[in-house]
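1. have a look at this prediction, sequence included:
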Amino acid sequence: MSIKVNHITKLYGTQKALNNVSFEIGTNEIVGFLGPNGAGKSTMMKILTCYIPATEGTATVCGFDTNTQSIDVRKQIGYLPEHNPLYLDMYVKEFLEFIGGLYQLKNAKDRVKEMIDATGLQIEQNKKIGALSKGYRQRVGLAQAMIHDPKVLIMDEPTTGLDPNQLEEIRGLIKKLGKQKTVMLSTHIMQEVEAVCDRVIIINKGEIVANDTTQTLQQNTTKQVITVEFDKEVSLKTLKSIQGVEEAILIEGNTWKIISDIENDVRKELFNYAVKHNLSVLTMNKEEQKLEDVFKALTKK
């Protein structure tokens, strides 16, 4: 296992930021680490990168203990924190060469060129970092995190500030990296998780509430949602009288959202209702549960 977390607890005074957290991330796996603000995501990432110690429990990265072998752990990790720290008065290329020097890379200049090409910084490489847009600063942060070719990449909100084209490019880069490295990323963009992650860990109030593939999480639902459009006006009372219908919500016009138990497919009953009341069904769609819906169900009370 590239990352192994065993019963980690972190206290800030009397506040428990993490409570008995355990999980594992394998080699060549991209895992989304999700949770609402204040759930403990950044705290967990800071422990894994040896930025802060855990109060209780242990964590290892590539077999090295974060408490007793922090230097070895840092050699294995590329880290992009939420607030990307950069030297704004340095030029992009100069900054990356400086970072390469810190890692004592023998092929620093070649590696800098490779990272500039990989992150799309070619046209900006001779600018001062302070003159770059937020999106390009984020690319510089990604380049410095990858420059020493780490085995594990830990990224906190890696696509913040990127436009749609840049998003597509960086997501493609992350997927490519996931074939060679372990990637752990935190984000609030559910489409990003669905697009690049093999697995999702959801944390809420310092505790793991889900740890599975996106597909499995989306399938594990107890409700079914049907969107149906009639050609005429119908009443809420009559819709709710249909066997199996738990809730009916008017969207607009004569289009309704029908909620029922997952084991009770009400589409046949809706057609029978339409025939009985001399109605035509213009459209009917069974909605797939989105990861965003799963996230809300697990973290919102």
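-> Yes, it's here.

2. show me the strands in the stretch 1-150 of the chain, by range?
-> 3-12, 15-25, 30-34, 56-61, 64-65, 77-80 (DSSP state E, counting those that start in this stretch).

3. ok, the second one: who's next to it in the sheet?
-> What it means is strand 15-25. Next to strand 15-25 in the sheet, as set by DSSP bridges, lie strand 3-12 (antiparallel).

4. contacting residues for the closest residue to Ile99 other than its chain neighbours?
-> Distance criterion C-beta to C-beta, 6 or more residues apart in numbering; nearest residue to Ile99, sequence neighbours excluded, is Gln144 at 4.7 Å. Bear in mind the C-beta positions are built from the backbone N, C-alpha and C, glycine included. Neighbour list for Gln144: Phe95, Leu96, Ile99, Met115 [criterion: C-beta atoms under 8 Å, 6 or more residues apart in numbering].

5. distance of Val92 from Gln138?
-> 12 Å (C-beta to C-beta, to the nearest Å).

6. so, low pLDDT: which residues of this structure?
-> 220-222, 301 (pLDDT under 70).

7. could you chop it up by domain?
-> In terms of domains, the chain is parsed into 3-213, 221-299 (source: automatic domain parsing).

8. what's the most buried one of those domains?
-> The highest mean neighbour count among these belongs to domain 3-213 (a mean of 18), with neighbours defined as mean count of other C-beta atoms under 10 Å.

9. would you work out how far apart the start and end of that one are?
-> End-to-end distance for domain 3-213, by C-alpha to C-alpha, to the nearest Å: 17 Å.

10. mind starting the numbering at 51 from now?
-> Got it, first residue is 51 now, which makes that one domain 53-263.

11. Thr349 against Ile252, yeah?
-> Yes. In this structure, Thr349 is within contact of Ile252 by C-beta atoms under 8 Å, at 6.8 Å.

12. find residues that contact each of the two.
-> Gly85, Val259.

13. could you give the separation of stretch 134-147 from the chain centroid?
-> Centre-to-centre, stretch 134-147 and its host chain are 27 Å apart (C-alpha atoms, centre = their mean, to the nearest Å).

14. residues in contact with that stretch?
-> Against stretch 134-147 from outside (C-beta under 8 Å, 6+ apart): 148, 158-159, 162, 165-166, 171, 174-180, 182, 187-188, 190-191, 193-194, 197.

15. just put the strands of the stretch 51-200 of the chain in JSON lines and tack on distance to Gln293.
-> What follows is these, written out as JSON lines (distance: least, C-beta to C-beta, whole Å):
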{"stretch": "strand 53-62", "distance to Gln293": "47"}
{"stretch": "strand 65-75", "distance to Gln293": "43"}
{"stretch": "strand 80-84", "distance to Gln293": "37"}
{"stretch": "strand 106-111", "distance to Gln293": "51"}
{"stretch": "strand 114-115", "distance to Gln293": "59"}
{"stretch": "strand 127-130", "distance to Gln293": "53"}
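
16. what's the closest of those to Ser291?
-> strand 80-84 (39.3 Å; C-beta to C-beta).

17. what's the helix or strand for Asn215?
-> helix 214-227 (DSSP states H and E).

18. and that helix, C-alpha only, in PDB?
-> Taking C-alpha atoms only, helix 214-227 is exported to PDB below (Å, rounded to 0.1, in the frame of the first residue of the first chain):
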ATOM      1  CA  PRO A 214     -13.000  24.800 -18.700                       C
ATOM      2  CA  ASN A 215     -10.200  24.100 -21.200                       C
ATOM      3  CA  GLN A 216      -7.600  24.100 -18.500                       C
ATOM      4  CA  LEU A 217      -9.800  21.900 -16.300                       C
ATOM      5  CA  GLU A 218      -9.900  19.300 -19.100                       C
ATOM      6  CA  GLU A 219      -6.100  19.400 -19.600                       C
ATOM      7  CA  ILE A 220      -5.300  19.100 -15.900                       C
ATOM      8  CA  ARG A 221      -7.800  16.300 -15.400                       C
ATOM      9  CA  GLY A 222      -6.200  14.500 -18.300                       C
ATOM     10  CA  LEU A 223      -2.800  15.000 -16.700                       C
ATOM     11  CA  ILE A 224      -4.000  13.600 -13.300                       C
ATOM     12  CA  LYS A 225      -5.500  10.500 -15.000                       C
ATOM     13  CA  LYS A 226      -2.200  10.000 -16.800                       C
ATOM     14  CA  LEU A 227      -0.300  10.400 -13.600                       C
END
